[in-house]
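**Q** Have a look at this prediction, sequence included:
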Amino acid sequence: MFRLPAVLAPLSRLNGAASGPRMRDETCRIDRRSYGYGLVDGSDDIVILLHGWGLAHASYRAAGEALGRRGYRVVVPDLPGFGESSDLPLFGVSLRTYSDAMRRFVEQCGDVAGEPVHLVGHSFGGAVAAQLAHDAPELVKSVTLVSSVSGPTWRREAETERLLSERPIWDWGIHLIQELPLSRFPVAALDVLRDLSHNVVWHLPNLGAAVNLIRRSDLRDELTKVREQNIPVAVVWAAGDRVITKACFDDQCRALGIDGTVVDGNHGWPLARPGSFGRTIGEIIRSMNSRDLRAARPESDGEVVCPS
């Protein structure tokens, strides 16, 4: 396994410097497949936090711990083909196969034990969360999509639209690099670089397959059906996000028939500002638990939090 040089590795541990519950690294084996995951103990409901493309649970250590300070039991699984989780067979890989793997994880992982969970998906993890809620609604209490890959539109101007499938790979890359969580460098950036480097070394074919899924994702029908199942869904987008565009965010809100929430930050908001992420998402989950989205008033920590 690829590891950071020994002189740098201790810096990444500073992620959990804040007081409160700490994330510990765990593994399990389900149906002859390995799964790595991070676990933050809590007495409240279970939150499954699904990470973005190229990353794994270590990058979300501070974000998971921030949610844990709200009382939730937080589980951050490495998606198949990322981190310590086994690759998916490349033949026939799809969001459905990701969803099937995560369904088995939720049903059989001892730290989840098949209980209904709150799904929170960031970026690519949002697409997997939406698909899982569609495929296994009995396992899902609520869904929160954060700067999520789920809508098909890249740009929308006047009467013209351009799809994500038309977006050049280099444009994705430029904005991903620009939106690294540098405000917390070296702590968050080192975790990101560690996870990305590990995935490039050990999971490169799966990374490429996931890129193709992202470019062609359109989960509007699935989101509409999730809404029809009366599963509460919230959509959150960072105003400075240029990886997931506002047009994509608007697609998701329209499919669900809801107003989304806009926060101050960029695509790396959960990593760069984990305290704000934990407070905001924690309040959104609590409001959805009460089945009254109109009552949601997430704590903003001085950030802009407003309806779309």
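**A** On my side now, so go ahead.
**Q** Could you check how far the residue nearest the centre of the chain is from residue 128?
**A** Nearest residue to the geometric centre of the chain (CA atoms, centre = their mean): residue 122, 2.3 Å. Using CB to CB, to the nearest Å, one obtains 10 Å as the distance from residue 122 to residue 128. (C-beta placed from N, C-alpha, C; glycine too.)
**Q** Can you pull the residues that touch both of these two?
**A** Common neighbours of residue 122 and residue 128 are listed as residue 50 (criterion: CB atoms under 8 Å, 6 or more residues apart in numbering).
**Q** Dihedrals phi and psi, the residue in the chain sticking out farthest from the centre?
**A** The C-alpha centroid of the chain is most remote from residue 159, which lies 31.4 Å away (CA atoms, centre = their mean). Main-chain dihedrals, residue 159, degrees, to the nearest 10: phi -100, psi 10.
**Q** Which residue ranges of the protein form helices?
**A** Taking DSSP state H to define them, one finds helices in the chain at 9-12, 61-68, 95-108, 124-135, 169-178, 187-202, 204-215, 220-228, 246-256, 269-272, 274-289.
**Q** Any idea which of these gets closest to residue 52?
**A** Across those, residue 52 has its closest neighbour in helix 124-135 (5.2 Å, CB to CB).
**Q** what packs against that closest one?
**A** Under the contact criterion of 3 or more CB pairs under 8 Å, 6 or more residues apart in numbering; DSSP states H and E, helix 124-135 touches strand 46-50, helix 95-108, strand 117-122, strand 140-146, helix 204-215, helix 220-228.
**Q** so how far is it from its chain's centroid?
**A** Distance, stretch centre to chain centre, for helix 124-135: 10 Å (CA atoms, centre = their mean, to the nearest Å).
**Q** what sits up against it?
**A** For helix 124-135, using CB under 8 Å, 6+ apart, the contacting residues are 48-53, 79, 95-96, 98-100, 102-103, 106, 119-121, 139-140, 143-150, 210, 213-214, 217, 219, 222-223, 225-226, 229, 231, 233.
**Q** Alpha carbons only: can I get stretch 249-264 in CSV?
**A** What follows is stretch 249-264, C-alpha atoms only, in CSV (Å, rounded to 0.1, in the frame of the first residue of the first chain):
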residue,chain,number,x,y,z
PHE,A,249,-27.3,21.9,-8.8
ASP,A,250,-30.4,23.4,-10.4
ASP,A,251,-31.1,20.1,-12.2
GLN,A,252,-31.2,18.3,-8.9
CYS,A,253,-33.5,20.8,-7.2
ARG,A,254,-35.9,20.8,-10.1
ALA,A,255,-36.1,17.0,-10.1
LEU,A,256,-36.9,17.0,-6.4
GLY,A,257,-39.2,20.1,-6.5
ILE,A,258,-37.3,21.7,-3.6
ASP,A,259,-35.1,24.8,-2.9
GLY,A,260,-31.5,23.9,-2.3
THR,A,261,-29.1,25.4,0.2
VAL,A,262,-26.2,27.5,-0.9
VAL,A,263,-23.2,27.9,1.4
ASP,A,264,-20.0,30.0,1.1
